[in-house]
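**Student:** below: sequence and its predicted model.
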Amino acid sequence: MIMLIGVPHDFNSSFLRGAALAPSRIRLMEKDGSSNMFSQLGIPIEEDETYYDAGDITFSSNHGEDVYKNIQSNINAQLMHNHKLICLGGDHSISYPIIECHAEKYEGLNVLQIDAHGDLYENYEENPFSHASPFARLMETGLINSLTQVGIRSLNTHQREQISKYNVNTIEMKDFNFDFISTLKPPLYISIDLDGLDPSFAPGVSHHEPGGLTTREVFKIIHTIPFPIIGADIVEYNPTRDINNMTAMVAYSLFKELVTKMMD
């Protein structure tokens, strides 16, 4: 069963708040958006038919470790029932506990990260749970078999050192092509930070990084992966910066394609 879970939390964002508003806005696009309920591959994507909506995780504390444990508990409860999950963030910090839970269930988990940023800071602004650090936390666990990053265009010296330390396959945007897809292996989890797209395609994000992926390139990445994926998240949509729900529609469209790719 494919389950949709909202994770409306943005307290670990280092720049702007607003991503906590994303899950509800993305959901609106199913009925209030301009698209229909079919994926580009012709598969109907309907609630209670193709997927089930498990609602949002609620938060009683914004303390980093409390948030981490809360997300972890909710995700594990779903994975115990062998559900496949698509999570809507929230900032990218939510991906740490979500992917860690998947790595504990799926031995040898591989991760594809679509992003403008490496998110590999050892300890950003004295917050180990920062949205700038989830993939450093994940690689520290030793549970991740491989991490492939695509669309990256903001690396500094520290992040390059982290890439080398954890043997990350980073495809910087200046060198982008689709060759990396042939190196991906199951079980595969996909984490999509919407700022991986160029701001002209997804203006509703907190961090505008020019020179990113097009929506068609991201769709092609998803469509070309030659096996089903086991889980995914879409993060860092900030409705307060969106234009006419343009980015909400991008997120909803990506959700439909991910559902299709998760079907056995």
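**Tutor:** Nice, I can see it. Computed from a prediction, not measured in an experiment: that's the story for all the values here.

**Student:** where do the helices sit along the chain?
**Tutor:** Secondary structure of the chain by DSSP state H: the helices cover 22-32, 64-79, 95-105, 134-141, 157-165, 215-224, 246-262.

**Student:** quick one: closest of these to Ile86.
**Tutor:** The closest of the helices of the chain to Ile86 is helix 246-262. By C-beta to C-beta, the value is 5.6 Å. All C-beta atoms are positioned from the backbone trio N, CA, C, and that covers glycine.

**Student:** buried deepest among the helices of the chain, which one?
**Tutor:** Mean neighbour count, computed with mean count of other C-beta atoms under 10 Å, is highest for helix 95-105 among these, reaching a mean of 23.

**Student:** neighbouring contacts of it?
**Tutor:** 7, 68-69, 71-72, 75-76, 79, 85, 87, 89, 109, 111, 129, 133-135, 137-138, 141, 143-144, 189, 191, 230-231, 233, 235 (C-beta atoms under 8 Å, 6 or more residues apart in numbering).

**Student:** that one vs helix 64-79, what angle?
**Tutor:** Per axes from the mean of the first three to the mean of the last three C-alpha atoms, to 10 degrees, the angle that helix 95-105 makes with helix 64-79 is 40 degrees.

**Student:** helix 95-105 vs helix 134-141, what angle?
**Tutor:** Using the same axes, to 10 degrees: helix 95-105 against helix 134-141 is 30 degrees.

**Student:** excluding chain neighbours, what is closest to Phe59?
**Tutor:** With sequence-adjacent residues excluded and distances taken as C-beta to C-beta, 6 or more residues apart in numbering, Phe59 is closest to His9, at 5.8 Å.

**Student:** same question for Pro8.
**Tutor:** That would be Ala20: by C-beta to C-beta, 6+ apart, it lies 4.3 Å from Pro8.

**Student:** now do the contacts for the one you found.
**Tutor:** 8-11, 90.

**Student:** which pLDDT does the model give it?
**Tutor:** Note for Ala20: predicted pLDDT of 96.

**Student:** how close does Tyr166 get to Ala136?
**Tutor:** Distance of Tyr166 to Ala136, computed by C-beta to C-beta, to the nearest Å: 8 Å.

**Student:** any common contacting residues for the two?
**Tutor:** With C-beta under 8 Å, 6+ apart as the test, Tyr166 and Ala136 both reach Leu120.

**Student:** is there a neighbour count for Met16? I'd like the number.
**Tutor:** To be clear, residue 16 is Leu; Met isn't right here. Other residues within reach of Leu16, judged by other C-beta atoms under 10 Å, total 14.

**Student:** surely it is in contact with Ser206?
**Tutor:** Yes. Contact criterion C-beta atoms under 8 Å: Leu16 and Ser206 qualify, at 4.1 Å.

**Student:** pull up the overlap in contacts between the two.
**Tutor:** 238, 241.

**Student:** measure the closest residue to Ser61 other than its chain neighbours to Asp115 for me?
**Tutor:** Among residues not flanking Ser61 along the chain, Val67 sits closest, at 6.9 Å (C-beta to C-beta, 6+ apart). Using C-beta to C-beta, one gets 20 Å for the distance from Val67 to Asp115.
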